[in-house]
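K.L.:
Could you work out the structure for the sequence below:
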Amino acid sequence: MPGFAGISPYAGAWPENIALATLDQKHPLGTRLTAIDTQGFFGSGEFVYAKTVPAIVQTGRVLIAPDYDGTVTDMLVATANSGFPLCVGMGPMAANSFGWFQIMGLMVMQAQASVAAGVALGMGANGQVGANTAGKQILGGRVSQPSTFAITKATGSRSQMGPKAISVPEGNVGGGGGGLVVGLTVSGTGIAGGSKVTQIDTNGTTINLDTATTGPVSGNIVFTYTGFIIVNAPAGLIAQGAIT
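P.N.:
The predicted structure is shown next:
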């Protein structure tokens, strides 16, 4: 996920990686943190520290915001007119682990189906967003970029870090890994079809894939938001309440 750095007053150590989950608790549950993307793409956002009940296998899982006990649970598509506040997972997490969840700002969200930019969105499958339907609209946000959104990084190369690693030089679109998150689909010369991002190093220049490169990597590398959308939620998201 983006390289967010804390900017709000906070007692204790700043999180080294806001997308990193741990099995042991590092901060008080319910702690709020305002942070800014150091690579510039996602701007600032607000995050809450909580414990996840379900396992989260991918970036952008949509969950019900922390309950009184500091735990988050899946947003269930069958629960219409729920009125629950929502949050978004920042990366993969094991069940009953601890980490940061985004509650405001420009959010990457798992999408069952793409939604056009500038329109309302609704509940998709469990933990995912999709088209708006009565009783299942997600309020407080609008789509900024659909699933077809792609970021092009010029002059990529195979990395010395291993056969599944590629390098993206600083100074390209967004600077290094600006705008890139785990789970994006990757294409380009020397990259196997259907490859996805599994890890981005802290400076954003080395990107690990789930499939080994097929040869020398050169020219433009395209990262596509297949299976995700970007949503702008400046004051937070909430599942639609009663409409009858």
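K.L.:
Return the list of helices and strands in contact with the lengthiest strand in the chain.
P.N.:
Secondary structure assigned by DSSP state E gives strand 98-110 as the longest strand of the chain. For strand 98-110, the helices and strands in contact under the criterion 3 or more Cβ pairs under 8 Å, 6 or more residues apart in numbering; DSSP states H and E are strand 44-52, strand 62-64, strand 85-89, strand 228-233. Any C-beta I mention is one placed from the backbone N, CA and C, and that applies to glycine too.
K.L.:
Can you name the residues in contact with the following helix or strand past it?
P.N.:
Sequence-wise, the next helix or strand downstream of strand 98-110 (DSSP states H and E) is strand 121-123. Strand 121-123 has contacts (Cβ atoms under 8 Å, 6 or more residues apart in numbering) with 75, 77, 80, 115, 129-133, 136-138, 141-143, 229, 231, 239-240.
K.L.:
Report the buried members of those.
P.N.:
Listed as buried from these are 75, 77, 80, 115, 129-131, 136-138, 141, 143, 229, 231, 239-240; burial here means 16 or more other Cβ atoms under 10 Å.
K.L.:
Domain parsing of this protein, as residue ranges.
P.N.:
4-146+229-239, 150-224 (automatic domain parsing).
K.L.:
Of the helices and strands packed on strand 98-110, which is nearest Gly179?
P.N.:
Gly179 sits nearest to strand 228-233 of all the helices and strands packed on strand 98-110, at 9.1 Å, using Cβ to Cβ.
K.L.:
other SSEs contacting the very next helix or strand once past that closest one?
P.N.:
Next helix or strand after strand 228-233 toward the C-terminus (DSSP H and E): strand 237-239. Applying 3+ Cβ pairs under 8 Å, 6+ apart, one finds that strand 237-239 makes contact with strand 85-89, strand 137-139.
K.L.:
Those strands into TSV, with extra columns for mean pLDDT and distance to Ile200?
P.N.:
Below are these laid out as TSV (pLDDT from 0 to 100; distance: least, Cβ to Cβ, whole Å):
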stretch	mean pLDDT	distance to Ile200
strand 85-89	95	16
strand 137-139	93	27
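K.L.:
Tell me which of those is the most buried.
P.N.:
strand 85-89 (a mean of 24; mean count of other Cβ atoms under 10 Å).
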